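Undergrad: Just a sequence and a predicted model for now, questions to come.
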Amino acid sequence: MSALSGKHIILGICGGIAAYKSVTLLRLLIKAGAEVQVVMTPAGKEFITPVTLSSLSQKPVVSEFFTANTGEWHSHVDLGLWADCMVIAPATASTIGKMAHGIADNMLVTTYLSAKSQVFVAPAMDLDMMAHPSTTANINLLRSYGNIIIEPESGELASGLVGKGRMEEPEKIAETLERYFSATVDMKGKKVLVTAGPTHEKIDPVRFIGNYSSGKMGYALAEECASRGAEVTLVSGPVSLSVHNPAVKLVRVESAREMLAACEEAFPSSDVAVMCAAVADYAPRTVADHKIKREHSDVPVIELVKNPDIAATLGKMKRSGQLLVGFALETDNEADNAREKLKRKNLDMIVLNSMRDKGAGFGTDTNKVTVFKADGSREEFGLKPKSEVATDIVDAIMSI
Ligand code: CTP
């Protein structure tokens, strides 16, 4: 049986050529056993008739706030509560802009604003509109509100031009929804703490000691835990990433000491903590309160002091029932060093990145990891995108 069976789905259709594909999408959803309510923008009706859609969905299409002859009010609030998910396909640049900024001048956008469930957005437009910075910014805003963007494909467009902007195929959109409903929510009710990124240790007001960590692995882990139902606190050093899932609370810090303070606060109420940050091991003993000037000083000597070990500190605080996971970035004696860190920091699992593997480690979009557990077991994974590595790591955590 399909995971879509019995699900209440709002299908939002905007005014774009790709609206003809919405008919196929509707048929696929109905065939999978979903109950579908179509909501169209006024422009949507110019591309595909409500008669076709209401025949297939066996429900009157909603497009206006009122039925003209009876004055019956169509409640977007009730629709928003009824839905298990909403999918807007095609989503035009104009509707995406309205959704991003809360311009509720039609039934589709008001329904979107009232929807309490997950919303999927499948953009479709010409390549230049798609590439315009305002479209990019609006799509990013929608993402930051927790909506899932079903990326358009590159290919031949209605204009005859070739580029990115073709709505994803209906089969793929239906698959995305199916995956969403069949996804594991095995972390529901769990609180997870994740650290990510580098730390910056101030030398003076304009300089710091840092490292090349991009934060991508930690952010992917936070998103993965949130998508599996966890409530996540992501303590992040300075990186240029943002979080998409509203279940991730982002706490921005700069130095190792600030990161430690944020972790000490969040850890007591956490079920799982994943220490993914590349914490600087040393910090300058003193921070100059003004910029160290070249002419006025000899070559400066920066005296360093050891930073606290956040993972080891949490290892000492750990109660029974809590899981503590660390990372190890090694260049030599990888497995032995990783196992030694696992013991020394009182971890339940450690994830080894080897700097010897091409495409793994700092700054890349891929990673190759080996997981060591406190029970002595070991599991090795292939080179994959960091989002998939996050799935493997969380699977390994859940199997402890
Ligand atoms: N870690 C930490 N606080 C530190 C240093 C490391 O919490 N001050 C955590 C990292 O987030 C990671 C694990 O400890 O989960 C191992 O980090 P790594 O840099 O590999 O190890 P170090 O303990 O710093 O040892 P070394 O630099 O000697 O390899």
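TA: Here it is on my side, so go on. Numbers count the residues shown, from 1 in each chain.
Undergrad: in a strand, that's where residue 324 is, yeah?
TA: Yes: the assignment for residue 324 (DSSP: H, G, I helix; E, B strand; the rest coil) places it in a strand.
Undergrad: Contact partners for it?
TA: Residues near residue 324 by C-beta atoms under 8 Å, 6 or more residues apart in numbering: 272-273, 275, 311, 314-315, 318, 345-348. Every C-beta, even on glycine, is put in place using the N, C-alpha and C of the backbone.
Undergrad: before we move on, what about residue 86?
TA: Applying C-beta under 8 Å, 6+ apart, the residues near residue 86 are 9-12, 111-112, 115, 117-120.
Undergrad: what helix or strand does it sit in?
TA: Applying DSSP states H and E as the criterion places residue 86 in strand 85-91.
Undergrad: Low-confidence stretches in this protein?
TA: Across the chain, the ranges flagged by pLDDT under 70 are 68, 296-297.
Undergrad: Surely residue 3 is in contact with residue 176?
TA: No: using C-beta atoms under 8 Å, residue 3 is not in contact with residue 176; the gap is 11.4 Å.
Undergrad: Contact residues of the chain facing the ligand?
TA: When proximity is defined by C-beta under 6 Å from any ligand atom, the chain lies next to the ligand at 195, 256, 275, 277, 279, 281, 307, 309-311, 326-329, 341.
Undergrad: re the thing from before, okay, now the sheet partners of the strand holding residue 86, with direction.
TA: If you go by DSSP bridges, strand 85-91 pairs up with strand 8-13 (parallel), strand 118-123 (parallel).
Undergrad: Residue 379 is in what secondary structure piece?
TA: Element membership for residue 379, per DSSP H and E: strand 378-380.
Undergrad: List the neighbouring strands of that strand plus their orientation.
TA: Using DSSP bridges, strand 378-380 pairs in its sheet with strand 369-373 (antiparallel).
Undergrad: Using neighbour counts, pick out the buried residues of the strand it pairs with.
TA: 369-373 (16 or more other C-beta atoms under 10 Å).
Undergrad: Next: stretch 93-110.
TA: Neighbour counts over stretch 93-110 (16+ other C-beta under 10 Å) mark 93-100, 104, 106-110 as buried.
Undergrad: quick revisit: got a PyMOL select line for the buried ones in the contacts of residue 86?
TA: One line in PyMOL is enough to select the buried members of those, burial here meaning 16+ other C-beta under 10 Å:
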select buried, resi 9+10+11+12+111+112+115+118+119+120
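Undergrad: which one of the contacts of residue 86 is nearest residue 221?
TA: Nearest to residue 221, judged by C-beta to C-beta, of the contacts of residue 86 is residue 118 at 20.6 Å.
Undergrad: bridging residues for that closest one?
TA: Residue 118 forms beta bridges with residue 85, as assigned by DSSP bridges.
Undergrad: before we move on, what about the one 5 residues further on?
TA: The partner list for residue 123 in beta bridges (DSSP bridges) reads residue 91.
Undergrad: Could you count how many residues lie near residue 87?
TA: Per other C-beta atoms under 10 Å, the neighbour tally for residue 87 reads 27.
Undergrad: Repeat that for residue 253.
TA: Counted with other C-beta under 10 Å, residue 253 comes out at 21.
Undergrad: Roughly how far does it sit from residue 28?
TA: Here the criterion is C-beta to C-beta, to the nearest Å. By it, residue 253 lies 46 Å from residue 28.
Undergrad: what does residue 357 give?
TA: To residue 28, residue 357 is 41 Å away according to C-beta to C-beta.
Undergrad: what's the offset of stretch 380-390 from the middle of its chain?
TA: Averaging C-alpha positions (C-alpha atoms, centre = their mean, to the nearest Å) puts stretch 380-390 16 Å from its chain's average.
Undergrad: Same check on stretch 364-376?
TA: Offset of stretch 364-376 from its chain centre (C-alpha atoms, centre = their mean): 21 Å.
Undergrad: Can I get it in PDB? Just the C-alpha atoms.
TA: Extracted in PDB, the C-alpha atoms of stretch 364-376 (Å, rounded to 0.1, in the frame of the first residue of the first chain):
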ATOM      1  CA  THR A 364      34.000  19.500   0.500                       C
ATOM      2  CA  ASP A 365      30.400  18.500  -0.200                       C
ATOM      3  CA  THR A 366      31.200  14.900   0.200                       C
ATOM      4  CA  ASN A 367      32.700  12.800   3.000                       C
ATOM      5  CA  LYS A 368      33.900   9.300   3.700                       C
ATOM      6  CA  VAL A 369      33.700   8.100   7.200                       C
ATOM      7  CA  THR A 370      34.300   5.100   9.400                       C
ATOM      8  CA  VAL A 371      32.300   4.700  12.600                       C
ATOM      9  CA  PHE A 372      33.700   3.100  15.800                       C
ATOM     10  CA  LYS A 373      31.400   2.300  18.700                       C
ATOM     11  CA  ALA A 374      32.300   1.800  22.300                       C
ATOM     12  CA  ASP A 375      31.400  -1.900  22.100                       C
ATOM     13  CA  GLY A 376      34.400  -2.300  19.700                       C
END
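Undergrad: Got phi/psi on the residue of the stretch 1-150 of the chain found nearest the ligand?
TA: Closest to the ligand within the stretch 1-150 of the chain is residue 144: 26.3 Å, counting by C-beta to the nearest ligand atom. Backbone torsions of residue 144, given as degrees, to the nearest 10, read phi -70, psi -20.
Undergrad: show me the contacts for it.
TA: By C-beta under 8 Å, 6+ apart, the residues touching residue 144 are 242-244.
Undergrad: now do residue 50
TA: Contacts for residue 50 (C-beta under 8 Å, 6+ apart) come out as 38, 40, 60-61, 63.
Undergrad: same thing but 6 Å
TA: Applying C-beta atoms under 6 Å, 6 or more residues apart in numbering to residue 50 gives the contacts residue 61.
Undergrad: re earlier: which of the contacts of residue 144 count as buried?
TA: 243-244.
Undergrad: ok, so of the contacts of residue 144, who is nearest the ligand?
TA: Of the contacts of residue 144, the one sitting nearest to the ligand (C-beta to the nearest ligand atom) turns out to be residue 243, at 18.8 Å.
Undergrad: Give me the nearest residue to that closest one, chain neighbours excluded.
TA: Of all residues not flanking residue 243 in the chain, residue 250 sits nearest, at 5.2 Å (C-beta to C-beta, 6 or more residues apart in numbering).
Undergrad: Give the burial count for that neighbour, as a bare number.
TA: The burial count for residue 250: 15, using other C-beta under 10 Å.
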